[in-house]
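Colleague: would you be able to build a 3D model of this:
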Amino acid sequence: MRRELILHAGTHKTASTYIQARLKRNRDRLSAHGIVYAFPEGDTTFKRLSKAIGNRDWSVWHDYLRQTIQPDHHLLISAEQLGSRLTERRVIARLGRIARLHGLQLRVVIFIRSQLDYINSRYAYSLKRFYHTEPFESFVSAALQGRLPSSEAFSGEHRQRQDVFDFWNYFRHLRRARRKGLSVNFIPFRQTVSDPFDQLLLELGLSPSSGWTSSPERSKNRSPGIRGIHLARELGLRLQQAGIAARRIQNSSSVITKEEAFRGWDDPPYWGFTPELAMLVRSHFKRNNQRFAREIWGRAWHKVYQQDAALLNRERCEYKPGRREQERMMRIADHLFNRLRRRLQPRPLHGWREPLERLSFNLIDTISFRSRHLRVLRSRRA
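Modeller: Reported below is the predicted structural model:
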């Protein structure tokens with residue numbers, strides 16, 4: 001039996017959090033199927049292994065493999081942070097050698113979203129993390145020029161690749177390693193199978209039957225709705241003007257989604273493309289997409305990503321507030337900005353101040369709404 005070191009490496013925004021939650025809940029069943037899914041000792045993620053690659057500290061990998069490998073079992077590691085690491089030729093080669101030293105064969109599994117879906121999702125995610133404040137059209141324009149606006153929020157070893165949407169070039173070293181014999185599986189994200197966990201199981205040769213334990217709702221990394229995206233940009237502009245970097249904000253990914261939940265917003269998902277802009281993006285990546293699809297799947301791109309046809313005709317869905325709605329949104333953004341700024345310089349009683357401010361904000365908002373409603377009724381009667 002050829003035992004494998006299987007690296008599920010994202011990519012970004014391909015339901016990795018959800019997949020990992022289900023893998024964790026199904027560790028016993030995976031083990032029964034001959035697959036070990038175990039974190040480094042004392043950890044609850046595989047981030048230590050990814051960080052070790054950045055630091056070129058390969059002893060961390062050797063220690064982990066020595067402690068974790070079981071006879072007649074494959075070893076599965078799931079970490080979206082590995083996706084960018086595996087675009088480096090030397091990293092691919094080194095991990096392959098390390099795997100062989102421990103009696104394993106390296107295998108890489110990566111999900112791929114089509115550019116339309118991926119750009120929109122990445123825009124929403126990076127905006128809610130306050131990595132940039134670009135309008136959607138500017139974000140797309142940068143992407144077509146091979147730039148990633150959100151990468152400016154990172155530096156040093158955390159600096160991101162710019163060409164993440166051009167899969168032909170982004171994965172060129174993995175493609176070359178694949179041609180030389182490395183097992184690399186690129187999975188079209190949510191095309192023929194809607195559940196990405198089921199997609200991964202199928203790729204591992206397992207049946208996605210009903211016996212697999214589901215994940216908690218909180219494991220789904222939800223994107224903001226249209227009002228949440230609008231609010232994220234307003235708040236991001238305030239943080240930018242104040243010189244507050246995104247990396248200084250603790251749990252930045254939850255600021256907007258928590259505010260949406262608090263206010264009871266249940267909006268449709270954001271979609272920034274117009275049909276014309278979507279067609280422009282498709283045309284830009286068409287040649288390299290075809291080359292990638294032919295080499296990896298032996299089929300045309302549109303045969304693999306059949307859902308792109310619907311995305312090309314999807315109308316833009318964004319929040320377009322009137323004057324009063326925009327004024328209210330700006331008050332909410334001011335309120336959140338003041339709260340985040342205070343958290344960076346905590347003082348006594350700040351813990352009490354936030355709930356009191358929320359209460360007063362909502363009270364003023366309710367009184368303001370009712371006053372406007374009464375004025376409208378009186379004007380109609382008159």
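
Colleague: so which residues make contact with the top strand by length along the chain?
Modeller: In terms of residue count, the longest strand belonging to the chain (DSSP state E) is strand 105-112. Here strand 105-112 makes contact (C-beta atoms under 8 Å, 6 or more residues apart in numbering) with 2-11, 14-15, 83, 86, 95-96, 99-100, 167, 171, 174, 182-189, 196, 199-200, 203-204. C-beta here means a position set from N, CA and C on the backbone, and glycine is covered the same way.

Colleague: how far does it sit from the chain's center?
Modeller: Relative to the chain's own centre, strand 105-112 is displaced by 18 Å; criterion: C-alpha atoms, centre = their mean, to the nearest Å.

Colleague: paired strands for it, with orientation please.
Modeller: strand 4-8 (parallel), strand 183-188 (parallel) (DSSP bridges).

Colleague: check which element follows the one helix or strand residue 230 maps to along the chain.
Modeller: Using DSSP states H and E, residue 230 sits within helix 226-241. Remark: after helix 226-241, the chain's next helix or strand is helix 252-263, criterion DSSP H and E.

Colleague: now that next one, how far from the centre of its chain.
Modeller: 16 Å.

Colleague: name the helices or strands packed onto it?
Modeller: Applying 3 or more C-beta pairs under 8 Å, 6 or more residues apart in numbering; DSSP states H and E, we find helix 252-263 packed against helix 115-128, helix 226-241, helix 323-344.

Colleague: quick check: angle from that helix to helix 115-128?
Modeller: For helix 252-263 against helix 115-128, the angle by axes from the mean of the first three to the mean of the last three C-alpha atoms, to 10 degrees is 80 degrees.

Colleague: what about this protein, any weak spots by pLDDT?
Modeller: Applying pLDDT under 70 to the chain flags the ranges 150-161, 217-221, 347-382.

Colleague: tabulate the strands paired with strand 105-112 (JSON lines), appending distance to residue 143.
Modeller: Listed next are these as JSON lines, based on distance: least, C-beta to C-beta, whole Å:
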{"stretch": "strand 4-8", "distance to residue 143": "25"}
{"stretch": "strand 183-188", "distance to residue 143": "20"}
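
Colleague: for residue 62, which non-adjacent residue is closest in space?
Modeller: Distance criterion C-beta to C-beta, 6 or more residues apart in numbering; nearest residue to residue 62, sequence neighbours excluded, is residue 98 at 6.7 Å.

Colleague: name the SS class of that neighbour, please.
Modeller: helix (DSSP: H, G, I helix; E, B strand; the rest coil).

Colleague: quick check: it touching residue 58?
Modeller: Yes. Between residue 98 and residue 58 there is a contact at 6.4 Å, judged by C-beta atoms under 8 Å.

Colleague: more neighbours: which of these two?
Modeller: Counted by other C-beta atoms under 10 Å, residue 98 and residue 58 do not tie: residue 98 has more neighbours, with 17 against 14.

Colleague: how near is that one to residue 106?
Modeller: Relative to residue 106, residue 98 is positioned 8 Å away (C-beta to C-beta, to the nearest Å).

Colleague: what do you get for residue 241?
Modeller: Using C-beta to C-beta, we find residue 241 at a distance of 47 Å from residue 106.

Colleague: the two: who's more crowded?
Modeller: Counted by other C-beta under 10 Å, residue 241 and residue 106 do not tie: residue 106 has more neighbours, with 21 against 10.

Colleague: now the angle from the helix or strand containing residue 77 to strand 4-8?
Modeller: Per DSSP H and E, residue 77 falls inside strand 74-78. If you take the same axes, to 10 degrees, strand 74-78 sits at 20 degrees to strand 4-8.

Colleague: just the buried ones from the contacts of strand 105-112, in ChimeraX syntax?
Modeller: Buried residues among these (16 or more other C-beta atoms under 10 Å), as a ChimeraX selection:
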select :3,4,5,6,7,8,9,10,11,14,15,83,86,95,96,99,167,171,174,182,184,185,186,187,188,189,196,199,200,203,204
